[in-house]
Structure formats: structure tokens, C-alpha cells
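In: my questions concern the predicted model and sequence given below.
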Amino acid sequence: MNPAQEPAALAEPPPLAPAPLLDRISAPVRFTSRLTRLGAHALRGQLIVQRLFPRLDAAGRRQQIRDWSAELLRLSGIALQVNGAPLQTPSLVAANHVSWIDIFAINAVQPVRFVSKSEAAQWPLVGPLVRGVGTLFIERERAQDVVRVIHQMAQCLQKGDHVGVFPEGTTGYGHELLPFHANLFQAACSRDGAFAVQPVALFYADRRSGRFSRAASYVGNETMVGSLWRMSAAAPLCVEVDYLPPLRAPSRRALADQTREAIAEHLHQRLRDSR
């Protein structure tokens, strides 16, 4: 990730399909209910991190993260569909980035220590939880901070953790990829390719039709409340988490290019299938 590099312009996504009339009418009630329940769920998560985590081993903490994340998806009205299987050995998980939901969708399958922008620690509701589960924060305005984070990532991998990155460096609408930054891939090739990179394709779809939906996207100056409102007013959603075959390469640029190619090919095929 190069904090000084401006993200490429996003292509206009397909329009958001209108939800059925009954869904639109009931959206305010659904939004209020979800916001209230998610607030309570966030507080429960903070209690788990503060009081339960110190008494649990690593496996116990991972199970709590998995269960809490799966419940967050349920409370948000998002179904989870998993294709493929995550690696059981330490790996660098690299995914396309669409929404604030992404971290929890992946953690609901297999908990990962994500690298995230430092601002995420201040997000309402989930900020304290993001901090409590071992997220690695990067200060994007400081170019030299990437070296510190790569070192932290390598240490986590060597300890047996899975580490997650969003190589686009920002969110998109989910129908196409932005360029991938290669710097953070260095953590996977810093020991002669000892750690594999597992590409993960995230695809948000209308649960009823299976077609692409931009309702969960979290782009630009979007707020979490605004995002939750749009999801509440849209047709029911499903997030597809697709674990693709692992990759190894001798350089970070090669890893970034191969990972982007694998995810892009999968997304393009999924979009063609949903038309």
C-alpha cells in the first residue's frame, strides 16, 4: 500500500435494483430494529473481549470471533455463502474490498488478523472490537509506517496466525477491482515463499435473484448508518465468500498481480453467471 498514491477512479456500477414494495415500506422499521440490535451486539462483543478473552486460549478466542461475526451478519440481514476452503496453515489472505461487512464475513468463516487503516479503530459500534481482536493498524499518511506493519505481519504469520489484507487500499462497489498495492505482500515472501497467499473473492448478491447488488458497498464519504439504511431498504442480501487456490511467488509484485488476476477472473465469471 502506498499512502501517497491516489486511488484510481471507480467505474459506475450497475444500478441498485429496486426492492419489492413490501420491503421498501417496512424499511424504516427494519432499519431501527437492526441498528438497535447491532448496538447491543457491539456492546456484548466488547464484554467478550474485555472479560472472556483473557481466560481463553487462541482456539477459544478464534471461536468467539467466528460466532460473534456470524451473528453480526445475521443481525444485519445478510446470509453467508462459503465456497472453497480456507487454508489451515498460516497464510496471507488477500480479498477485494467492498464494505465494512467484509472483515466480519471472512471472520465468520475463519478468523484473520486484518491490516486496517488506523481510522477503523474509531468506527462507531465496531471500532473497539476491531482493536480487541488483534487488528494491525497502518497509518496511511505515513509512508514509512508500511515497513513496521510488514514486520508485524511476518511475526504474526510465524506465530501461526492468518493475516488479512485488502490490497486495493480502499473500497469499491464490488463489480470490478481497483489496482492492487504490492507492498504488504512482502510479508508472505520475506522467508523464501514460506507462506502462501490465499485470494478471497467477496461478492454481494440479491439473495432472491442471485444477481449482483451494490447495496452493501461503503464507498467514499459513506457513513455506517447510511450504509445500514441502504441495506435495510434493499432486497435481502447474501455475501459470497469464495476461497480460491493458494498462490506462491518469489516477489511481492508477482504475488499481487497473480492474486488480482485470480480474484478478477472469479468476479467477472460470477457477474456473467448472474445476468
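Out: On my side now, so go ahead.
In: tally of neighbours for the closest residue to residue 249 other than its chain neighbours?
Out: With Cβ to Cβ, 6 or more residues apart in numbering as the criterion, residue 249 has its nearest non-adjacent residue at 4.6 Å, and that residue is residue 255. In short, each C-beta sits where N, CA and C put it, glycine included. Look at residue 255: counted by other Cβ atoms under 10 Å, it has 27 neighbours.
In: pull out the buried positions in the helix or strand residue 255 falls within.
Out: Using DSSP states H and E, residue 255 sits within helix 252-273. Neighbour counts over helix 252-273 (16 or more other Cβ atoms under 10 Å) mark 252, 255-260, 262-264, 266-267, 270-271 as buried.
In: which among the residues you listed gets closest to residue 172?
Out: Here the nearest of the buried residues of helix 252-273 to residue 172, counting by Cβ to Cβ, is residue 267; it sits at 10.4 Å.
In: residue 82 versus the closest one, what's the distance?
Out: 16 Å (Cβ to Cβ, to the nearest Å).
In: output the longest strand belonging to this protein.
Out: As assigned by DSSP state E, the longest strand anywhere in the chain is strand 196-206.
In: quick one: that one to helix 252-273, angle?
Out: 30 degrees (axes from the mean of the first three to the mean of the last three Cα atoms, to 10 degrees).
In: point out where this structure drops to low pLDDT.
Out: Applying pLDDT under 70 to the chain flags the ranges 1-25, 124-126, 190-193.
In: could you pull out the strands for it?
Out: In the chain, the segments counted as strands under DSSP E are 78-83, 91-95, 113-117, 136-138, 163-165, 196-206, 237-243.
In: picking up where we left off before, packing partners for the helix holding residue 255?
Out: Helix 252-273 sits against strand 91-95, helix 186-189, strand 196-206, strand 237-243, with contacts defined as 3 or more Cβ pairs under 8 Å, 6 or more residues apart in numbering; DSSP states H and E.
In: alright, I will stop here.
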